[in-house]
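*Asks:* Build the 3D model from these lines:
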Amino acid sequence: MESLNLPAILTPDFGLFFWMLVAFLVVFFLLAKFGFPVITGMVQERKDFIDESLRKAHEASERLENIKQEGEAILQEAREKQAQIMKEAAETRDTIVQKAQEKAKDEGARLLSEAKAEIEAEKQNAIRDIRGQVAELSVLIAEKVLREKLDTETQQMELIDRLLNEVASKNQME
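*Replies:* Numbering: from 1, shown residues only. So this is what the prediction gives:
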């Protein structure tokens, strides 16, 4: 075989190899002394930041769940009140009808129509309140979903902080 004339970098002599090794060890020492601790510190800071963000998001989720449960309780209470009002109205109507039959048919008809109007007004008020509460919950949920679409880290932190503050202030109002 013929000897190949390769550049010196591919077939280094001992001197070049020694200095390359020394340069590598110096760079490695500098990185180990100054670079790696900074990098690991930054990675740890990022991990802590992510853990804190997840904790805050979990708290926000729990608060939102509590708000949903409170909303359901309010809806159930409104339904019970509506049923009680309907029951009371029916009892009142029966009493009024009985008395009206004794006194006069005209008087009974007037009282019955007043009772029906009152029932309808209470029913409409209860339905309006329920719709308002459901709309408010829907807006809160939609707002949270839209805010979670934010891309940057700062926008996410602002979202989490804002949601926590809003939920906390709503809980204090109630």
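*Asks:* Packing partners of the host helix or strand of Arg131?
*Replies:* Secondary structure from DSSP states H and E places Arg131 in helix 105-147. Where contact means 3 or more CB pairs under 8 Å, 6 or more residues apart in numbering; DSSP states H and E, helix 105-147 is packed against helix 36-103, helix 153-173. Quick note: C-beta positions are derived from backbone N, CA and C, even for glycine.
*Asks:* least reliable of the ones you listed going by mean pLDDT?
*Replies:* Here the helices and strands packed on helix 105-147 differ in mean pLDDT, and the lowest is helix 153-173 at a mean of 79.
*Asks:* Go through that one and flag the buried ones.
*Replies:* 156, 159-160, 163, 167 (16 or more other CB atoms under 10 Å).
*Asks:* And for stretch 112-122?
*Replies:* 115, 119, 122.
*Asks:* tally of neighbours for the nearest residue to the last one once chain neighbours are set aside?
*Replies:* Put plainly, it is Glu122. Leaving aside its sequence neighbours, Glu122 sits nearest to Ile85 (CB to CB, 6 or more residues apart in numbering; 5.2 Å). By the criterion of other CB atoms under 10 Å, Ile85 has 16 neighbours.
*Asks:* and Ile85, what does it touch?
*Replies:* Counting by CB atoms under 8 Å, 6 or more residues apart in numbering, Ile85 touches 119, 122-123, 126.
*Asks:* closest to Leu31 among the residues you listed?
*Replies:* Ala126 (70.9 Å; CB to CB).
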